[in-house]
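>>> model this:
(chains A and B)
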Amino acid sequence: MILTSFTFIIFCIVSLLIYFIIPKKWQWIALLGSSLFFLFYKNFNIGTLVHILVAFGAAYFSAIFIDEYAHQKQAKWFLIEGILFILGQLMLLKYLNLFQNFLMSPIGISYYSLIMISYIVDVYRGLCKPQKNPLKCALFMFYFPILTSGPFIRYPDLENKIYAKHKFNYDNLCRGLIRIVWGLFKILVISQRLAIFVNNIYQNYLTYTGLYLIITCLFFTLQLYTNFSGSIDIIMGISKIMGIDLPENFRSPFFSKTITELWRNWHITLGAWLKDYIFYPLMKSNFIQKIGAKTKKIVNKKVSKKVTLYISLLIMWILIGAWHGIESKFIIGSGILQFIYMFLEDLLSPITKKVCKKLKINYNSLGYRIYQCIRTYLLFSFSMIFFRAASIPNALSIIKNIFIFKKGFLTNIFSLGLNKANFVVLIISVIVLFIVEYRQLKGDVTESLLKQNVVIRWTILYLLIFAVLIFGMYGPGYDETIFIYQQF
Amino acid sequence: MNKAEIYKKLNEIFREVFDDENIEVNANTTSADIEDWDSLEHINLIVAVENEFGIKFNMGEVTTMKNVGEMVEIISQRIS
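Down below sits the predicted model:
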């Protein structure tokens, strides 16, 4: 079910109505019903059911046995067995495509699999008790809002919210609706508009060179962001209406001064997941500690710390790339290249500071900060060429053609799917987006909007709704299947 | 080993890990009080503490420890 489809709107309205009409003690059961309907919508067959039951069973029973044998050797075995089962089903179905002829990957498999792993690891670490009621446990793992694009939720953070009784709250409804409309604006007005242009060029990438390709690469980064963060806005909004706050997944990433900072503000919950469940255990592992001890003996403590950090980061980034897809373009684009950027940033940072001092450039000045943000955007957009292109050779060919400049300055730019009027709408919308994102850095924009007087509040909200209705890209040519992060 | 001795040993470890001879830790010391105490140095610190006291923290403790006081509590429980 697509987040901007009519079916999804009806599904949400019905789910919310049921949620608030029925007795409060049954609310979580209604939510489970909605979630299972969403999970199996247009994908119900015995194979998928068995597959989901196996994954769920592995997580559910592992957590119970881990708790049963807490602080004993067996707990570790149940943890390993659980992780292997969950990872195994993910690999078999999603990455190796072993059953592709007769079994479709369930929606959200990459999301709920990692959520299941975090659940059993948290039980093992003593951060929470296992949920013994299998239906309640299933609700946490298959909570429908997060099945499309995340965010990654943690059981200790959500157990008090997801099963709690929630009264209908007008304030939550307003906050949720504002978030949903903002998400729709990002997706329908900006992302879908950019998609038309970007898809046109990527499908005929051999025809274009120079500025056309540069604009396309810059556009794609924005398309990806508005698409992904817009989906998250809709998800957070729906959950907010039910009184269930989900963790934020983005924090104005394009105002980041470095790639390292950008990744702290982009897909935040995936980063936090990897830090807690991969990076920390890896850094603490005997393997990394032995490397650290050896390099300390050969060189010095400072270098040894860096070596262990870089090795762990490289492993983590390869895994981030692989989470997006096992194809080499993902492993390079959203994995290794990001590592290289961070490695170089760390290595060159003292040199840059020295150069700035010599040239008397104030690196805290607004001008320098803007330069850093633009540089980060450009570097990130470059890596996204691999992410978006069909394959590595395609990406390399695009990169090569970027440096070829033909005569004529963007002569047919308005004939690539977006006419002048569309470009004007796009530019104004992007300016609005950046103003809101900048304002968001200083505090929650929804909060400030709700604090305004009635006239301003409703004028802004109506303007946004009308912008979505009038300038949203649907109707002929609209491709609602372009939900980039739903495929992962 | 009593708590005062644990603090004394911890002080030495902190100075070694963060390369700062002026560090003085107490129960309320947090990562906000020591400039280089980020998530990476936290792991280096944990490993150094584990090696010195011959104990193991579980990852739940590693990620939820709020201040040095909590660390000392765990250490004193493990070595007693």
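>>> what does the worst-scoring helix or strand of chain B on mean pLDDT rub up against?
Ranking every helix and strand in chain B by mean pLDDT, DSSP states H and E puts helix B:59-64 at the bottom, with a mean of 80. Residues outside helix B:59-64 that contact it (CB atoms under 8 Å, 6 or more residues apart in numbering or on different chains): A:121-122, A:124-127, A:276, A:280-281, A:284, B:42-43, B:46, B:74. (C-beta placed from N, C-alpha, C; glycine too.)
>>> mind running it again at 10 Å?
Residues outside helix B:59-64 that contact it (CB atoms under 10 Å, 6 or more residues apart in numbering or on different chains) are A:121-128, A:156, A:275-277, A:280-281, A:283-284, B:39, B:42-43, B:45-47, B:50, B:57, B:70-71, B:74.
>>> Filter these down to just the ones in helices.
A:121-124, A:156, A:280-281, A:283-284, B:39, B:42-43, B:45-47, B:50, B:70-71, B:74 (DSSP state H).
>>> Filter the residues you listed down to the buried ones.
By neighbour count, with 16 or more other CB atoms under 10 Å in any protein chain shown, the ones in helices among the contacts of helix B:59-64 hold A:121-124, A:156, A:280, A:283-284, B:42-43, B:45-47, B:50, B:71, B:74 as buried.
>>> ok so, going back, go through the least confident helix or strand of chain B and flag the buried ones.
B:Met59, B:Gly60, B:Glu61, B:Val62, B:Thr63.
>>> ok, A:Ile234 to chain B distance?
30 Å (CB to the nearest CB, to the nearest Å).
>>> residue contacts, that residue?
A:3-4, A:8, A:12, A:145, A:148-149, A:176, A:179-184, A:186-187.
>>> Same check on A:Lys165?
Applying CB under 10 Å, 6+ apart, the residues near A:Lys165 are A:Pro23, A:Lys24, A:Lys25, A:Trp26, A:Gln27, A:Trp28, A:Gly243.
>>> Buried members of those into PyMOL, please.
Applying 16+ other CB under 10 Å to those, the buried members can be selected in PyMOL as follows:
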select buried, chain A and resi 27+28+243
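>>> ok so, going back, could you identify the most distant pair in the buried ones among the ones in helices among the contacts of helix B:59-64?
A:Val123 and B:Leu45 (25.9 Å; CB to CB).
>>> What about residue 55, how many residues nearby?
I went with chain A, as the question did not name one. 22 (other CB atoms under 10 Å in any protein chain shown).
>>> Actually, chain B is the one I wanted.
13.
>>> do the same with A:Ser5
13.
>>> Check which residues of whichever helix or strand A:Met236 is part of are buried.
Following DSSP states H and E, one finds A:Met236 within helix A:210-241. For helix A:210-241, burial by neighbour count (16+ other CB under 10 Å) applies to A:210, A:212-241.
>>> CA atoms only: put stretch A:377-394 into PDB for me.
Coordinates of each C-alpha in stretch A:377-394 appear next as PDB, following Å, rounded to 0.1, in the frame of the first residue of the first chain:
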ATOM      1  CA  TYR A 377      25.700  18.600  -0.500                       C
ATOM      2  CA  LEU A 378      27.900  18.300  -3.600                       C
ATOM      3  CA  LEU A 379      29.900  15.400  -2.100                       C
ATOM      4  CA  PHE A 380      26.800  13.600  -1.000                       C
ATOM      5  CA  SER A 381      25.100  14.100  -4.400                       C
ATOM      6  CA  PHE A 382      28.200  12.600  -6.100                       C
ATOM      7  CA  SER A 383      27.900   9.400  -4.000                       C
ATOM      8  CA  MET A 384      24.200   9.200  -4.800                       C
ATOM      9  CA  ILE A 385      25.000   8.800  -8.500                       C
ATOM     10  CA  PHE A 386      26.000   5.200  -7.700                       C
ATOM     11  CA  PHE A 387      22.900   4.800  -5.600                       C
ATOM     12  CA  ARG A 388      20.500   6.000  -8.300                       C
ATOM     13  CA  ALA A 389      22.300   4.600 -11.500                       C
ATOM     14  CA  ALA A 390      21.300   1.200 -12.700                       C
ATOM     15  CA  SER A 391      24.800  -0.200 -12.200                       C
ATOM     16  CA  ILE A 392      28.400   0.800 -11.500                       C
ATOM     17  CA  PRO A 393      29.300   1.100 -15.200                       C
ATOM     18  CA  ASN A 394      26.300   3.400 -15.700                       C
END
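>>> Please compute how far that stretch lies from its chain's middle.
17 Å (CA atoms, centre = their mean, to the nearest Å).
>>> And for stretch A:385-405?
24 Å.
>>> how long is it from one end to the other?
Terminal residues of stretch A:385-405 lie 19 Å apart, using CA to CA, to the nearest Å.
>>> Spit out the contact partners of the nearest residue to A:Phe387 once chain neighbours are set aside.
Leaving out its chain neighbours, the residue that sits closest to A:Phe387 by CB to CB, 6 or more residues apart in numbering or on different chains is A:Gly333, at 3.9 Å. Contact analysis of A:Gly333 by CB under 10 Å, 6+ apart lists A:321, A:324-325, A:327, A:382-389, A:392, A:395.
>>> can we see that at 7 Å?
A:Ser383, A:Met384, A:Phe386, A:Phe387 (CB atoms under 7 Å, 6 or more residues apart in numbering or on different chains).
>>> and these, which are buried?
For these, buried by 16+ other CB under 10 Å: A:Ser383, A:Met384, A:Phe386, A:Phe387.
>>> Might one say that the second one is in contact with A:Thr221?
Yep, that's A:Met384 we're talking about. Yes: shown here, A:Met384 and A:Thr221 form a contact pair, counting by CB atoms under 7 Å, at 5.3 Å.
>>> Leaving out chain neighbours, which residue sits closest to A:Gln131?
A:Cys137 (4.2 Å).
>>> Could you check which helix or strand contains the closest residue to chain B within the stretch 301-450 of chain A?
Nearest residue of the stretch 301-450 of chain A to chain B: A:Leu309, at 5.9 Å (CB to the nearest CB). Using DSSP H and E, A:Leu309 sits in helix A:301-324.
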